[in-house]
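Engineer: just a sequence and a predicted model for now, questions to come.
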Amino acid sequence: MDTNSSSPRVGVFVCHCGSNIAGTVDVEKVAQEISKMEGVAYAGSYIYMCSDPGQKLMRETIEKEKLDRIVVAACSPTLHEKTFRINSKNAGLNPYQCEISNIREHCSWVHEDKAKATEKAIKITKSIVEKVKNDSSLTDIEVPITKKAVVIGGGVAGIQAALDIANGGYKTYLVERDSSIGGKMAKLSETFPTLDCSQCILTPKMVEAANHPNIELLTYSEVENVSGYLGNFKVKIKKKPTSVKWDICTGCGDCYPKCPVKVPSEFQEGLAKRTAIYTPFPQAVPNKPVIDRENCLYYQKGICKICEKICKIGAIDFEMQEEIVEVDAGAIVVATGYQEYPLQNLSDYGGGRYPNVISGLKFERLLSASGPTGGQVLRPSDGKPVKDVVFVQCAGSRDIEEHKPYCSKICCMYTAKHAMLFKHKVHDGNAYVFYIDVRTAGKDYEEFYYRTTEEDHALYTRGKVSKIFEDGDKVVVWGVDTLTGKKVEIRADLAVLATAIEPSSGIMELKQKLKVSVDENGFLKEAHPKLRPVESMTSGIFFAGAAQGPKDIPESVSQAGAAASKVLSMFSADFLHKEPLICEINEDVCSGCGICIMLCPYGALEAEITTKDNKETKRSKLNEALCQGCGTCSSACPSGAATMRNDISKNMFKMIEVILE
Amino acid sequence: MSKANIAFYWAASCGGCEIAVLDINEKILDIIEKANILMWPVAMDTKYEDLKKMKDKSIDVCFFNGAIRTSENEELAHLLRKKSKILVAFGSCAHEGCIPALANLFNKKLIFDRAYQETETTVNKENTLPMTSFDVKEGEIHIPEFYDTVKTLDQVVEVDYYLPGCPPTPNIVEDAFNKFLTGDLPPKGAVLAPVKALCDECPRKKKDKTIETIYRVYEKEADPEKCFLDQGIICMGPATRSGCGHQCIKGNMPCTGCFGKTPEVNDQGAKMISALASVLAVENEIELDEKKVEELISKIKDPVGTFYRYSLASSFIKRKVIK
Amino acid sequence: MEDFEPKIIAFLCKWCTYAGADLAGVSRLKFSPNAVPIRVMCSGRVDPSFVLDAFAKGADGVLVGGCHPGDCHYAQGNYKTLRRVKLLKMLLKDMGLEEERLRLEWISASEGNKFREVVNDMVIKIKEIGPSPLKKEESK
Ligand SMILES: Cc1cc2nc3c(=O)[nH]c(=O)nc-3n(C[C@H](O)[C@H](O)[C@H](O)COP(=O)(O)OP(=O)(O)OC[C@H]3O[C@@H](n4cnc5c(N)ncnc54)[C@H](O)[C@@H]3O)c2cc1C
Ligand code: SF4
Ligand code: SF4
Ligand code: SF4
Ligand code: SF4
Ligand code: FES
């Protein structure tokens, strides 16, 4: 495996990156200093190393100078390590004997003093040269793949991802924490920009997912624990007790009308009541009820059991326990969606205090034909028709000081939709909209907005609302028209806040289980914002939908498709190629002390006991497929038996040395 | 065959290593049969002047025990290096500094203050302290300089082989003598003991390591069947070269590390610090906040004395910084 | 001592702090050039031997950067790092080295600014306490 027996011939290629590096780092000096190092056979610079001519130059130099390993001093390895490794492979070198010295992100871009930046660039590069000198030539490790996927979150994004993967021929588990799939889209009335009825386009997909031979729905379930790694995850799923035996329940619905409990319906955004035994909405999939134990009289007070008496087939099971199932999966798609920023946080607008100040989703329910008002726009406070309605955009969004710094993206469009639909329903009504900007980037979006203002005559005022308060049965909205500078006061029947959207509750726990990152706002963080927008930093875990950032339906669905195609392309091979940068246990050194075994997060190390001449010998044994190369064991191994390939501590000591020279 | 010339010397040591030579019992007679002993401070009277007069490389093997504490130790190290074909660092002091090197937690001034002033039984009103030269009736007297820092033998001269241990155990000593007398020698620089850590030879029952909390030896009656670490008692075995015959373990005392680090390791203490801290409370580590971690770690007393009892002088940091 | 420029070695875990430092770069934040990074897979890869070796070779400071607790790409590497660093600090204290010279920081991939602040702050603090005494420690 080792090719460093004879003295290495290192080539060092210093990139100018236009002026990105060369502007602050004296690249010629870097090359010159590095060329003085022992083992460096070539050091030169070029304007764009990653460009075609740059890569060609590298290949030619490798051949001409008979280089056997190279260092590219350029941008962060996250960007081009792969590019340069492939290039050096094409030049006949082992890709793992190509290393990147990051002199852009970690140097030229963050320093101003050219002399100091140059000095630092030299140090960084020297340390990488020391590393590459000891790098062995390695080959990738092949790991078999479990060709099954888990999709977490059953909103439109999750449903779409599951369908796409299942249609590709692979078993997919769709995990949804509510009792029905559907997500927020199930609550929407009609959808911009085409105004199709949301349920009408969503329900068929829900049913298709439920009936798909490759999809196993795990609703009323949550991910409990995830272990394993790309290609071979083990996902523990907690099935919460529904208290109804779904395998025999026919979904007849006889039980719920008789239940004496009435609590606000989550699906109807509190505008109507539901019972303790319930399905969230009539088209629920699966269309089976659950008992809400927090509110059920039996669980709370030990009385009632009416539903049990009603149910002829005996599906009610008050003793049902939660169940943990474990599934194997090669890939995971996270599509846990969003929630509205709590209205209570918008106290200047009377959020949470006044019944007639409501959120966007509540208004969706008021507009919906299947909503509590049958699609009539009535005031939540007294059920009287609404004549004047004020829409407040950016409620909690784009507010760095107090609320969310980001743009929630969908509110401009759904507000336009709300205003339009309102006008369609209440022809003599007035729809006032306060906005900061109207952002309508999207196919047919600007046209849609145009129709709202020009055809349906919604009244748009550019300005921020400062206060909303109640006066009699009206809500009074104070704002400033920033175009005229005038104060505006509107007395309205209803104020609809286009509240910011934020990641679904529980995202923090979930991301820890999955070992993925979130950004500063809690949205899932993609591996690269432009180039790898549906992948997480953790191999084998992908994102779809609003969990990754505010998104409308078309975007959520396309991202779901993209995530599914990533999964499918992964499943199209029988083996995964894994970076061989993993641990190695030197049997001749390992004393079997057992220190490392419990430290490995993947259980890749195991004590192996052999008996020879009546003497038991204990050794640590590595499972290559499981090791992810974190190096925790190696740092801990007190005898130096556990080392990391191409990161053996000898490299490290040399690297430290040249940095501190 | 002519007899080999061997020499022993003691620098800063307790004398135990000299005695250790005798621990091989009657085997010493075989050695005397095959070798002339030119120098052996504990048993014979050899003058430095005689040594200086010897021809260079006239000693075949010199067993040098003790660390370098004074200018005399250093001078003799150079002298013996010159006179010997093979120079062996014999025992932990010469090998890695050992107990004398724990004085590296102080400097000359602090040590003198303590020894010549502060000790309860000392009366030294004139504050008389050792001087390197002073006049007496008979003339000027020179005594060796006491250094601030204790060094290992190989920090002052080149060393050919090492015999680990405080002191080296008879099996190691005997084996080494045989090697030298037969000329069956490993590559230069080798430590003449097995490469694996002590756990390899330790017969105690070992689990995969997780330690809930740390006990000091006197706080707990150790089960003689079970690995000390598994019982929460710090044992340096995992970070210490084997070959000692696990004598301490047999006596139901944990290994304190006198055979030094294993060959793949650079700093014995650092590695044991890492190993121990890693397995400490590893099973419920998620629940520990920084304060709890601090509490747990504070159960480990005297890190230098625990992890560097023998290897301070040869460690990365080597001595305490005293301003 | 005016022109004392601390030498700092920064061991940065690939998944969080190294990426955070990348973000500092992408955001063109400016900060002291004194810290030279070494990329490690996980803060759990930082062997205390590396830290002590760096000090022995004259580093004025060592920064270990990892993911926030719970965020380690390898689940729990950083918890081990925390315990190791605490014990190391105890040792450093007994060896007469100022605690501030060794710093463990949790810096996520989105905290470019925190990376900058930490490096700057470390440079300031180390300038205050002066060069590592180990640099001159060649006395007898
Ligand atoms: C008022 C309003 C009006 C809108 N109108 C339109 C419109 O007209 N047109 C349009 O294109 N878009 C519209 N949108 C946007 C649309 O709602 C979203 O684009 C879409 O719902 C995103 O789908 P999703 O699957 O990503 O998330 P969601 O719909 O939020 O689905 C996420 C699912 O994941 C589940 N979940 C969450 N956490 C977990 C967990 N830990 N474990 C298991 N399951 C979990 C949830 O229960 C939910 O079922 C509107 C949004 C709002 C607020
Ligand atoms: S037992 Fe519970 S769920 Fe059933 S009817 Fe009574 S309150 Fe409703
Ligand atoms: S820690 Fe090292 S010596 Fe101990 S069992 Fe693991 S590999 Fe072997
Ligand atoms: S490097 Fe060690 S601890 Fe990390 S995954 Fe591999 S075997 Fe496990
Ligand atoms: S740690 Fe000590 S007691 Fe345990 S196996 Fe190793 S040498 Fe034996
Ligand atoms: S990967 Fe960042 S601390 Fe483990």
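Structural biologist: On my side now, so go ahead. Ligands and ions are numbered 1, 2, ... in the order given.

Engineer: can I assume B:Met44 sits in a helix?
Structural biologist: No - under DSSP: H, G, I helix; E, B strand; the rest coil, B:Met44 falls outside any helix and is assigned coil.

Engineer: wait, doesn't it sit right on B:Ile37?
Structural biologist: Yes - between B:Met44 and B:Ile37 there is a contact at 7.0 Å, judged by Cβ atoms under 8 Å. The C-beta positions use only the backbone N, C-alpha and C, and glycine is treated the same way.

Engineer: phi and psi next, for the spatially most central residue of chain A.
Structural biologist: Nearest to the mean C-alpha position of chain A, by Cα atoms, centre = their mean, lies A:Leu524 at 3.2 Å. For A:Leu524, the backbone dihedrals (degrees, to the nearest 10) come out as phi -60, psi 140.

Engineer: same deal with the one 10 residues further on?
Structural biologist: The main-chain torsion angles of A:Val534 are listed as degrees, to the nearest 10 and equal phi -110, psi 0.

Engineer: that one touches A:Phe542, doesn't it?
Structural biologist: Yes - in terms of Cβ under 8 Å, A:Val534 counts as a neighbour of A:Phe542; the distance is 5.3 Å.

Engineer: so for these two, which sits in the more crowded spot?
Structural biologist: Ranked by neighbour count (other Cβ atoms under 10 Å in any protein chain shown), A:Val534 and A:Phe542 place A:Phe542 first, with 32 against 23.

Engineer: right, and the secondary structure at the more buried one would be what?
Structural biologist: strand.

Engineer: for burial, what's the neighbour tally of residue 97?
Structural biologist: No chain specified, so I'll use chain A. Neighbour tally, A:Gln97, other Cβ under 10 Å: 26.

Engineer: ah, I was thinking of chain C
Structural biologist: By other Cβ under 10 Å, 21 other residues sit near C:Leu97.

Engineer: hang on, B:Thr149 in a strand?
Structural biologist: Yes - under three-state DSSP, B:Thr149 falls within a strand.

Engineer: give me the local confidence score for it.
Structural biologist: Model confidence at B:Thr149, given as pLDDT, is 96.

Engineer: repeat that for A:Asp2.
Structural biologist: 43.

Engineer: would you mind listing what in the stretch 151-300 of chain A touches ligand 5?
Structural biologist: Residues of the stretch 151-300 of chain A lying near ligand 5 by Cβ under 6 Å from any ligand atom: none.

Engineer: now the helices for the stretch 151-300 of chain A?
Structural biologist: For the stretch 151-300 of chain A, the helices defined by DSSP state H, counting those that start in this stretch cover A:156-167, A:198-211, A:255-258, A:297-301.

Engineer: does the residue nearest to the centre of chain A really touch A:Phe543, like I thought?
Structural biologist: Yes - counting by Cβ under 8 Å, A:Leu524 touches A:Phe543, with 4.9 Å between them.

Engineer: what's the overlap in contacts for the two?
Structural biologist: A:Val334, A:Ser536 (Cβ atoms under 8 Å, 6 or more residues apart in numbering or on different chains).

Engineer: quick one: contacts for B:His142?
Structural biologist: So B:His142 contacts B:Thr132, B:Ser133 (Cβ under 8 Å, 6+ apart).

Engineer: next, it: phi, psi?
Structural biologist: Main-chain dihedrals, B:His142, degrees, to the nearest 10: phi -110, psi 130.

Engineer: any idea how far B:Lys179 is from it?
Structural biologist: B:His142 is 39 Å from B:Lys179, where distance means Cβ to Cβ, to the nearest Å.

Engineer: then A:Phe281?
Structural biologist: Using Cβ to Cβ, A:Phe281 is found at 86 Å from B:Lys179.

Engineer: and A:Lys566, which of the helices of the stretch 151-300 of chain A is closest to it?
Structural biologist: The closest of the helices of the stretch 151-300 of chain A to A:Lys566 is helix A:156-167. By Cβ to Cβ, the value is 9.9 Å.

Engineer: picking up where we left off before, which of the helices of the stretch 151-300 of chain A sits most buried?
Structural biologist: Stretch with highest mean neighbour count among the helices of the stretch 151-300 of chain A: helix A:156-167 (a mean of 28; mean count of other Cβ atoms under 10 Å in any protein chain shown).

Engineer: that one packs against which elements?
Structural biologist: Applying 3 or more Cβ pairs under 8 Å, 6 or more residues apart in numbering or on different chains; DSSP states H and E, one finds that helix A:156-167 contacts strand A:148-152, strand A:171-175, helix A:198-211, strand A:215-218, strand A:331-334, helix A:553-571.
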